[in-house]
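In: Sharing a model prediction with you, sequence too.
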Amino acid sequence: MAAIVRLSSVCRRGVKPLFYQSTLLARPLVVPYKNQEQPYQLTARIHSSQALYAGSGSKAASLHWTAERVLSILLLAMGPVAYFNPSPVIDYSLAAALTLHGHWGIGQVLTDYVHGDKKIKMANRSLFLVSTITFAGLCYFNYNDVGICKAIALLWSK
Amino acid sequence: MALLLRTLARQGVCISRPAYSSVLYRHAAPMGTTAKEEMNKFWSKNARLNRPMSPHLTIYKWSVPMMMSVTHRGTGVGLSGAISAFALAALVLPGSYPYYLDLIHSLSIGPFLIGLAKFGIAFPVSYHTYNGIRHLWWDIGKGFKIPEVYRTGYTVIILSVLTSIGVAFL
């Protein structure tokens, strides 16, 4: 009987694991005992709280993930355009896309390897500074010098 | 059967766990902690206890997918660094881009070394690009079977080398 298994797992390991066992939360203990007391209906409560909890909370991380992929595809498309149709528009677009792609990429690397709230904060601030300088420098280069597309063309002509 | 279970639960078989009483509250708190909280707890506890890290790179058997992933990250970080260095140089150095190009021209570097340098620039870019496409392929949920992982992996490597060689000759 599933009910016995559930209860025995509570007794063996205490109640905390109860909260992490998604199977328990997803399938209320309550089914055969619906018409009985409060304690059993609790699992139904936990189940609905879980649904609420899963619904609330920020979608920021998920949106960030999607934005990263969209930007990657955009950057892929810019390659051929820059080759066949060099222009200031593509120069500045490339500057923006490359900087942002790099910024988010290094951000993921920092997330993987830097631990501790303070260190994470410092690392992200430094990254922001570097990315700002990078974008500024690329725009300066586009404005006051030959521009990214021409620069690559010139480099390769050697 | 049902009666037995009811009585057991009501009497609180797990009296040793004081937290059990929270289960009996009408509106149970949202379960657990966030992933971020858990990760922070892990790191702060292990750092506090000064625990050494388990060996990983030194003991795990290297595989092609593993090396390709490391290379993807390596080329990404490298390219990003190179772009940032270029941007910084553009801001800081006095001369114009053609000026510095002519400076390099004047060094009269042989064609083989020039080709090598072009390959050295082209390879990280093409590898990161092709492997990036492979990553996007994974992101739409395709190509996760192990033979597919290896097949797409080898394709990326071969394409990268061929593209870089081809581009170095331009």
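Out: Alright, I've got the coordinates. Numbering: from 1, shown residues only, chains lettered A, B, ... in the order given.

In: what residues are up against B:H105?
Out: A:K158 (C-beta atoms under 8 Å, 6 or more residues apart in numbering or on different chains). To be clear about C-beta, it is placed using only N, CA and C from the backbone, and glycine gets the same treatment.

In: Check the one 4 residues further on too.
Out: For B:I109, the contacting residues are B:A117, by C-beta under 8 Å, 6+ apart.

In: Just the pLDDT at A:Y113, thanks.
Out: Per-residue pLDDT puts A:Y113 at 91.

In: That one: how many residues sit nearby?
Out: 9 (other C-beta atoms under 10 Å in any protein chain shown).

In: ok, now how distant is it from A:K119?
Out: 10 Å (C-beta to C-beta, to the nearest Å).

In: again with B:R48
Out: Distance from B:R48 to A:K119, counting by C-beta to C-beta: 15 Å.

In: With neighbour numbers in mind, choose between those two.
Out: Legend: neighbour count by other C-beta under 10 Å for B:R48 and A:K119, higher for A:K119 (13 against 8).

In: ranges for the helices of chain B?
Out: B:2-11, B:20-23, B:35-48, B:64-92, B:97-105, B:111-139, B:146-168 (DSSP state H).

In: looking at those, which is closest to A:G147?
Out: Proximity to A:G147 (C-beta to C-beta) singles out helix B:97-105 among those, at 9.1 Å.

In: what sits against the spatially most central residue of chain B?
Out: The structure's chain B has its C-alpha centroid closest to B:R73; by C-alpha atoms, centre = their mean the separation is 5.6 Å. Residues in contact with B:R73, defined by C-beta under 8 Å, 6+ apart, are A:V109.

In: How much space separates B:A89 from chain A?
Out: 8 Å (C-beta to the nearest C-beta, to the nearest Å).

In: so the residue of chain A found nearest chain B is in which element?
Out: Going by C-beta to the nearest C-beta, chain B is nearest to A:G137 of chain A, at 2.7 Å. Taking DSSP states H and E as the criterion, A:G137 maps to helix A:117-144.

In: which of the residues in that helix are buried?
Out: A:A123, A:L127, A:V130, A:S131, A:T134, A:F135, A:A136, A:G137, A:L138, A:C139, A:F141, A:N142 (16 or more other C-beta atoms under 10 Å in any protein chain shown).

In: could you check the angle helix B:97-105 makes with it?
Out: On the basis of axes from the mean of the first three to the mean of the last three C-alpha atoms, to 10 degrees, helix A:117-144 is oriented at 100 degrees to helix B:97-105.

In: Residues contacting the next helix or strand after helix A:117-144, please?
Out: Heading C-terminal from helix A:117-144, the first helix or strand you meet, by DSSP H and E, is helix A:148-157. The contact list for helix A:148-157, computed with C-beta under 8 Å, 6+ apart, reads A:82, A:86-87, A:90-91, A:94-95, A:138, A:141-142, A:145-146, B:97-98, B:101, B:118, B:170.

In: Separate out the buried members of these.
Out: By 16+ other C-beta under 10 Å, these give A:82, A:86, A:90-91, A:94-95, A:138, A:141-142, A:145-146, B:97, B:101, B:118 as buried.

In: Redo the buried residues of helix A:117-144 as CSV? Include pLDDT.
Out: As requested, the buried residues of helix A:117-144 are exported to CSV (pLDDT from 0 to 100):
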residue, pLDDT
A:A123, 97
A:L127, 98
A:V130, 98
A:S131, 98
A:T134, 98
A:F135, 98
A:A136, 97
A:G137, 97
A:L138, 97
A:C139, 97
A:F141, 96
A:N142, 96
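
In: Let me have those residues in TSV, extended by distance to B:S63.
Out: Conversion of those to TSV gives the following (distance: C-beta to C-beta, whole Å):
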residue	distance to B:S63
A:A123	30
A:L127	30
A:V130	33
A:S131	33
A:T134	34
A:F135	37
A:A136	41
A:G137	39
A:L138	37
A:C139	42
A:F141	41
A:N142	42
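
In: residues touching A:L98, list them.
Out: A:L75, A:L138, B:I83.

In: do A:H115 as well
Out: Applying C-beta under 8 Å, 6+ apart, the residues contacting A:H115 are B:M39, B:N40, B:W43, B:A47.

In: Using ChimeraX, define a selection of the buried residues within these.
Out: This is how ChimeraX selects the buried members of those, with burial counted by 16+ other C-beta under 10 Å:
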select /B:40
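
In: Report the entries of the contacts of A:H115 that also contact chain A.
Out: B:M39, B:N40, B:W43, B:A47 (C-beta under 8 Å from any C-beta of the partner chain).

In: wait, which of those residues is closest to chain A?
Out: Looking across those and measuring by C-beta to the nearest C-beta, the closest to chain A is B:W43, at 4.1 Å.
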